[in-house]
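Asker: here's my sequence, what's the structure:
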Amino acid sequence: MFDKAAGIPIKGVSINWDKIDRKSYLREIEAIKDLDYLPFKNNITVFVGENGSGKSTMLEAIAVKYGFNPEGGTKNYSFSTYDSHSELCDAIVLSRGFNKPGWGYFLRAESFYNVASAEEEYSRYGGIPQHFHEHSHGEGFLQLVQSNFRGHGLYLLDEPEAALSPQRQLTLLLEIVNCAKEDSQFIMVTHSPILLGIPGAEILSFDDGSIHPIEYEETESYRITKMFVENREQLLKRMFSE
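Answerer: Numbering: from 1, shown residues only. Have a look, this model is predicted:
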């Protein structure tokens, strides 16, 4: 459905390990420590895996290397609340496609408040104020998406489901699919079984010691959610009895 690898802005990622300190924790992350080259085969790629498996670390490095602010926003955002990004961004090598995006956004759930505050400050100097802080967390989050997602763009999303109800996650899924149809590229980290179900997306697992393609039904997010929904009483009874 979204096999457009030739025209996407980021075709792949490699790491120059000579730029990583010998004692860096990055060399202990199983999924990336032996990474040679990670290709992106279509314009929706989803990173999935257990906490600490390196998903967000990789996404953040890609975003910073491409020119986005580490805490999120467009490439025009320049602020720092807390400098937490790793040195991986300095060692990342991006393989770029011929299609240069006309717009882009790095969306991080954990630093959305900081981005919303920066937007308030920037709007004083021009543009249309979004007033994200005047909405609930989820409403502001979705407003940001709907006001910034457009065709021919590059969007890096780190756990966007964090602020959204299941219904709003479906709304986000539709926004992503519609943008992808208009030649936008998405690289997303998520634990949401809803967002993982985006038709045609390539799912890359960071579990089991390497980054590798995985089917939707093989993801832990899907399997555990399915098991809980279908066997809730038995599962909880067994858990509480242990």
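
Asker: for residue 153, grab phi and psi.
Answerer: Geometry field for residue 153 lists phi and psi as phi -130, psi 180, criterion degrees, to the nearest 10.

Asker: contacting residues for it?
Answerer: Residue 153 makes contact with 101, 102, 103, 104, 105, 179, 184, 185, according to CB atoms under 8 Å, 6 or more residues apart in numbering. The C-beta positions use only the backbone N, C-alpha and C, and glycine is treated the same way.

Asker: buried only: go through these for me.
Answerer: Buried members of the contacts of residue 153, counted by 16 or more other CB atoms under 10 Å: 101, 104, 105, 179, 184, 185.

Asker: sort out for me which of the residues you listed are in strands.
Answerer: Applying DSSP state E to the buried ones among the contacts of residue 153, the entries found in strands are 104, 105, 185.

Asker: return the member of the residues you listed nearest to residue 69.
Answerer: For those, the minimum distance to residue 69 (CB to CB) is 10.3 Å, reached by residue 105.

Asker: lowest confidence element among the helices and strands of the protein?
Answerer: Lowest by mean pLDDT, DSSP states H and E among the helices and strands of the chain is helix 112-122, with a mean of 53.

Asker: residue ranges with poor pLDDT in this structure?
Answerer: 1-6, 75-86, 109-138 (pLDDT under 70).

Asker: where exactly do the helices run in it?
Answerer: Counting by DSSP state H, one finds helices in the chain at the ranges 55-66, 88-91, 112-122, 137-148, 166-181, 220-230, 232-241.

Asker: what about the residue lying farthest from the centre of the chain, distance to residue 20?
Answerer: Centroid-distance maximum for the chain: residue 241 at 37.1 Å, with CA atoms, centre = their mean. Per CB to CB, to the nearest Å, residue 241 is found 46 Å from residue 20.

Asker: what do you get for residue 176?
Answerer: With distances taken as CB to CB, residue 176 is found 32 Å from residue 20.

Asker: these two: which is more packed in?
Answerer: Ranked by neighbour count (other CB atoms under 10 Å), residue 176 and residue 20 place residue 176 first, with 23 against 18.

Asker: so the closest residue to the more buried one other than its chain neighbours versus residue 227, what's the distance?
Answerer: Closest residue in space to residue 176, ignoring its immediate chain neighbours: residue 186 at 5.6 Å, by CB to CB, 6 or more residues apart in numbering. Using CB to CB, we find residue 186 at a distance of 28 Å from residue 227.
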